[in-house]
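Q: I'll drop the sequence and a predicted model, then ask my questions.
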Amino acid sequence: DVYKRQIVNIGVFLFGVPVLGNLLLLAVLSTLFIAANLAIGYTFSTIAQNQLQAIQMSFMFFLPSILLSGFMFPFAGMPAWAQYVGECLPLTHYIRIVRAIMLKGATMPNLRFDTLALAALMLVAMTIAVTRFRRTLD
């Protein structure tokens, strides 16, 4: 909790980032984002046969996430196919949530689409991971 406050304080005082929204809501939705990424990592670990494959899969997921989420390039300026792929990535929805809470003061009703998308991505990844993990036990 202390580190989160320090990061937000650095953003506010050093970079002039306004904080208009509820930081507790941001923390709760950040937990959902972390859970979604953990579920994806868990899925990769059930698919990979060795550590090198797991590392390669994580890089092949991480790079498109950065490029197609709207973090580096404006999401609306991407081709339609890239936007469709980007919608399947948790980072896309999390970036929208963070920007909406911190810059616009958005509340939970404003964030329902991205919150539901994050939850759905997490549930899909966790279902795949648990199903594959059960098969490895047999």
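A: Received, thanks.
Q: switch to C-alpha atoms for all contacts and neighbour counts from now on
A: OK.
Q: Okay, buried residues for the helix or strand containing Gly86 please.
A: Applying DSSP states H and E as the criterion places Gly86 in helix 80-87. Across helix 80-87, burial judged by 16 or more other CA atoms under 10 Å covers 82-83, 86-87.
Q: tell me the mean pLDDT for stretch 44-53?
A: For stretch 44-53, mean pLDDT is 92.
Q: Report the separation between the two terminal residues of it.
A: 9 Å (CA to CA, to the nearest Å).
Q: Which residues outside stretch 102-112 are in contact with it?
A: Here stretch 102-112 makes contact (CA atoms under 8 Å, 6 or more residues apart in numbering) with 17-22, 25, 97, 100-101.
Q: scratch that, stretch 34-44 is what I was asking about
A: In contact with stretch 34-44 (CA under 8 Å, 6+ apart) are residues 54, 57-58, 90, 118-119, 121-123, 125-126, 128-130, 132.
Q: Buried residues, it. List them.
A: 34-37, 39-44.
Q: what's the burial count for Phe59?
A: Around Phe59 sit 12 other residues, with neighbours defined as other CA atoms under 10 Å.
Q: Relative to the whole chain's centre, how far out is the lowest-mean-pLDDT helix or strand in the chain?
A: Ranking every helix and strand in the chain by mean pLDDT, DSSP states H and E puts helix 2-15 at the bottom, with a mean of 81. Distance of helix 2-15 from the chain centroid (CA atoms, centre = their mean, to the nearest Å) equals 20 Å.
Q: Give me the distance from the following helix or strand past that helix to the chain's centre.
A: Next along the chain after helix 2-15, taking DSSP H and E as the criterion, comes helix 23-47. Chain-centre distance of helix 23-47: 7 Å, with CA atoms, centre = their mean.
Q: now whichever helix or strand comes after helix 23-47 against helix 23-47, angle please.
A: Next helix or strand after helix 23-47 toward the C-terminus (DSSP H and E): helix 51-68. Helix 51-68 runs at 140 degrees relative to helix 23-47, counting by axes from the mean of the first three to the mean of the last three CA atoms, to 10 degrees.
Q: List the buried residues of helix 51-68.
A: Along helix 51-68, these residues count as buried under the neighbour rule (16+ other CA under 10 Å): 54, 57, 65-68.
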